[in-house]
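*Asks:* one predicted model, sequence on top.
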Amino acid sequence: MAEKEKGKLQYEGRVRDTKGIAQRLDLRYLERPNRFRDLKNKLAWVLPAAALAGSIPFMTGIGAADKVFENAPVSRAHRMFEKDCAVCHSRLFSSVPDEACQKCHDGPSHPAKAIDTGRIKAGAESRCSSCHMEHRRDGEDKLADVASGYCTGCHKDLASNGTGVKLKHTSVTAFRHGAHPDFPAKELTDVRPLRLNHKVHMTKQVKTIRGSRRTLPMKCMDCHAPLPGNTKLDLAPVTFDRHCLDCHRRELEFVLPAIGVPAPPAPHTKDGPAIREFIRKTYQDLLAKDPSLALRPLGREGTPEPGAAAWLERAARESERYLFEKKCVYCHEYASSGEFPVVKKVNTVIGRYGESRPEGEPWLPRGEFSHRAHRAVTCASCHDAAENSEKTSDVIIPKLNACMRCHGASGTNIDRCSQCHLYHNKFKEMDKDRRPIDELVGSLFGKGAGG
């Protein structure tokens with residue numbers, strides 16, 4: 001025992017001979033029932049049969065089942081090519097190359113606005129199919145509606161992704177506070193040379209305009225009406241003859257109070273000599289109708305003029321001064337002074353007035369806006385500063401916060417970049433060569449179907 005305690009015990013393994021193993025085996029195990037084995041045997045026959053039966057509709061097209069193996073429908077603009085994949089997919093098993101898109105589309109450069117000086121860095125340009133994705137099942141069938149991520153991928157750091165960028169805000173990641181700059185219009189002033197007081201026209205006190213059928217307060221649509229036939233309902237320019245004359249006709253009266261003879265109002269025109277000629281012609285007609293007018297004193301001295309010709313000259317001259325110095329100044333500013341002041345000309349513009357841009361400039365130079373999409377909303381909901389504006393220089397364009405009630409921070413899905421901004425510069429788009437319609441959609445009806 002002592003010797004065994006000193007050494008390690010030796011393991012004695014089981015004897016594994018043929019006789020010992022055979023005694024442990026159950027030779028009748030195959031005769032016993034086994035649910036798993038029986039199910040496997042049945043499935044070996046049932047599953048192939050079910051697969052064969054299920055493939056029959058897809059092979060024959062019963063119930064349009066063959067559509068399961070096709071991509072989602074193409075966009076609405078490309079429905080004519082839906083049956084001819086090769087029109088766009090010029091190479092098999094690859095995405096659509098730019099050359100396929102440029103057969104019909106020019107794809108002008110980015111940025112879209114001519115006022116922008118920045119350019120995409122060389123080598124960072126995106127392919128057409130990177131943003132304009134076909135075969136989408138999300139219900140969006142308009143290729144121009146791209147996800148905002150394609151825009152913010154570059155605009156989150158414009159200084160690194162572009163050259164010549166002079167924008168004040170070079171990081172835009174979403175349409176919400178802190179991620180999108182406010183509209184630049186709030187930093188501008190309206191410099192059109194007119195005296196306009198919205199508060200007077202939108203007073204809370206009901207008032208009838210003297211000599212007019214109109215009453216105060218006025219409604220926004222009384223002056224700001226949409227352009228006829230414009231799909232975006234852009235507002236037509238406000239003109240004196242259409243929107244102001246009915247109430248401000250008296251501002252065109254030029255006959256001196258001392259004469260007290262009714263006469264038609266002077267024309268509202270930029271042609272100064274034409275106004276003077278109209279005034280002189282009016283007095284000539286009055287004298288021809290009533291020669292006794294020449295005996296009425298025109299000055300404070302109370303003495304009549306020496307003759308009809310002298311009376312005509314003084315009446316015309318004093319009436320011009322009365323019109324330009326007392327009446328026109330009610331609405332207009334003057335460019336210079338002299339014998340008769342020169343009124344600053346105001347062009348009929350849509351948007352922001354600029355002396356260097358007679359045709360006008362947009363208030364949102366880099367954005368697009370549609371009044372049609374907002375026609376169910378009252379004007380004051382967005383232009384809330386109008387009813388308290390007393391100066392022409394006040395800019396009543398809504399601020400970013402006014403949009404946030406429906407877009408962006410509201411959590412709605414109506415704040416994609418492409419809804420308000422353009423990517424391609426359409427003004428640089430070139431006119432493509434025209435092609436016969438059977439060349440474009442001939443495969444849809446079969447080649448030569450028109451013959």
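*Replies:* Happy to help now that I have it. Residues are numbered from 1 along each chain as shown.
*Asks:* ranges for the helices of the stretch 51-200 of the chain?
*Replies:* Taking DSSP state H, counting those that start in this stretch as the criterion, the stretch 51-200 of the chain carries its helices at 98-101, 128-131, 149-155, 158-161, 198-201.
*Asks:* would you reformat those helices as TSV and include mean pLDDT and mean neighbour count?
*Replies:* No exception for glycine: its C-beta is placed from N, CA and C like everyone else's. Listed next are the helices of the stretch 51-200 of the chain as TSV, based on pLDDT from 0 to 100; neighbours: other CB atoms under 10 Å:
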stretch	mean pLDDT	mean neighbour count
helix 98-101	88	15
helix 128-131	87	16
helix 149-155	91	17
helix 158-161	90	14
helix 198-201	93	17
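*Asks:* possible to save the ones you listed as a markdown table with distance to residue 89?
*Replies:* Converted to a markdown table, those look like this (distance: least, CB to CB, whole Å):
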| stretch | distance to residue 89 |
| --- | --- |
| helix 98-101 | 8 |
| helix 128-131 | 10 |
| helix 149-155 | 21 |
| helix 158-161 | 30 |
| helix 198-201 | 57 |
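*Asks:* what's the local residue count around residue 319?
*Replies:* For residue 319, the tally of surrounding residues (other CB atoms under 10 Å) stands at 23.
*Asks:* try residue 218
*Replies:* Residues lying near residue 218 (other CB under 10 Å) number 17.
*Asks:* and of the helices of the stretch 51-200 of the chain, who's closest to residue 91?
*Replies:* Of all those, it is helix 98-101 that lies closest to residue 91, at 9.0 Å by CB to CB.
*Asks:* what about the helices in the stretch 351-451 of the chain?
*Replies:* Using DSSP H, counting those that start in this stretch, the helices assigned to the stretch 351-451 of the chain run over residues 379-382, 400-403, 437-445.
*Asks:* the spatially most central residue of the chain and residue 417, how far apart?
*Replies:* The centre of the chain sits closest to residue 368, judged by CA atoms, centre = their mean, with a distance of 2.5 Å. Relative to residue 417, residue 368 is positioned 11 Å away (CB to CB, to the nearest Å).
*Asks:* residue 33 too?
*Replies:* 68 Å.
*Asks:* these two: who's more crowded?
*Replies:* Using other CB under 10 Å as the criterion, residue 33 and residue 417 rank with residue 417 on top: 20 against 6.
*Asks:* ok, now which ones touch the more buried one?
*Replies:* Residue 417 makes contacts with 146, 148, 151-152, 175, as judged by CB atoms under 8 Å, 6 or more residues apart in numbering.
*Asks:* do the same with residue 95
*Replies:* By CB under 8 Å, 6+ apart, the contact set of residue 95 is 127, 129.
*Asks:* torsion angles phi and psi at it?
*Replies:* phi -70, psi 170 (degrees, to the nearest 10).
*Asks:* counting contacts, what elements does the longest strand along the chain pack onto?
*Replies:* Ranked by residue count under DSSP state E, the longest strand found in the chain is strand 357-361. Where contact means 3 or more CB pairs under 8 Å, 6 or more residues apart in numbering; DSSP states H and E, strand 357-361 is packed against strand 352-354.
*Asks:* what's the domain layout of this protein?
*Replies:* Following automatic domain parsing, the chain resolves into domains at 184-239+348-398, 247-330.
*Asks:* same list (the ones you listed) but as TSV, adding distance to residue 118.
*Replies:* Output for the domains of the chain, formatted as TSV (distance: least, CB to CB, whole Å):
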stretch	distance to residue 118
domain 184-239+348-398	11
domain 247-330	39
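*Asks:* quick one: closest of these to residue 136.
*Replies:* The nearest among these, by CB to CB, is domain 184-239+348-398 at 22.3 Å.
*Asks:* I'd like the distance from that closest one to the chain centre, please.
*Replies:* With CA atoms, centre = their mean, to the nearest Å as the basis, domain 184-239+348-398 stands 18 Å off its chain's centre.
*Asks:* show me where pLDDT drops low in the stretch 251-400 of the chain?
*Replies:* For the stretch 251-400 of the chain, the stretches flagged by pLDDT under 70 are 337-341, 358.
*Asks:* mind listing the strands for the stretch 51-200 of the chain?
*Replies:* Assigned by DSSP state E, counting those that start in this stretch, the stretch 51-200 of the chain shows strands spanning 119-120, 162-163.
*Asks:* against which helices or strands is the last one packed?
*Replies:* In other words, strand 162-163. Helices and strands touching strand 162-163, as assessed by 3+ CB pairs under 8 Å, 6+ apart, comprise strand 119-120.
*Asks:* hmm, who's touching the strand it packs on?
*Replies:* For strand 119-120, the external contacting residues (CB under 8 Å, 6+ apart) are 109-111, 154, 161-164.
*Asks:* redo that, cut-off 10 Å
*Replies:* 109-111, 125-126, 154, 158, 161-165 (CB atoms under 10 Å, 6 or more residues apart in numbering).
*Asks:* PyMOL command to pick out the buried ones of those residues?
*Replies:* A single PyMOL command selects the buried members of those (16 or more other CB atoms under 10 Å):
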select buried, resi 110+111+154+158+161+162
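*Asks:* if I look at residue 18, how far off is residue 25?
*Replies:* Separation of residue 18 from residue 25 (CB to CB): 11 Å.
*Asks:* now stretch 291-298: buried residues?
*Replies:* Going by neighbour count (16+ other CB under 10 Å), the buried part of stretch 291-298 is 293-294, 296, 298.
*Asks:* can I get the residues you listed in a markdown table including distance to residue 281 and secondary structure?
*Replies:* Converted to a markdown table, these look like this (distance: CB to CB, whole Å; DSSP: H, G, I helix; E, B strand; the rest coil):
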| residue | distance to residue 281 | secondary structure |
| --- | --- | --- |
| 293 | 15 | helix |
| 294 | 16 | helix |
| 296 | 19 | coil |
| 298 | 18 | coil |
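*Asks:* might one say that the residue nearest to the centre of the chain is in contact with residue 422?
*Replies:* Yes: the criterion here is CB atoms under 10 Å, and residue 368 meets it with residue 422 at 6.4 Å.
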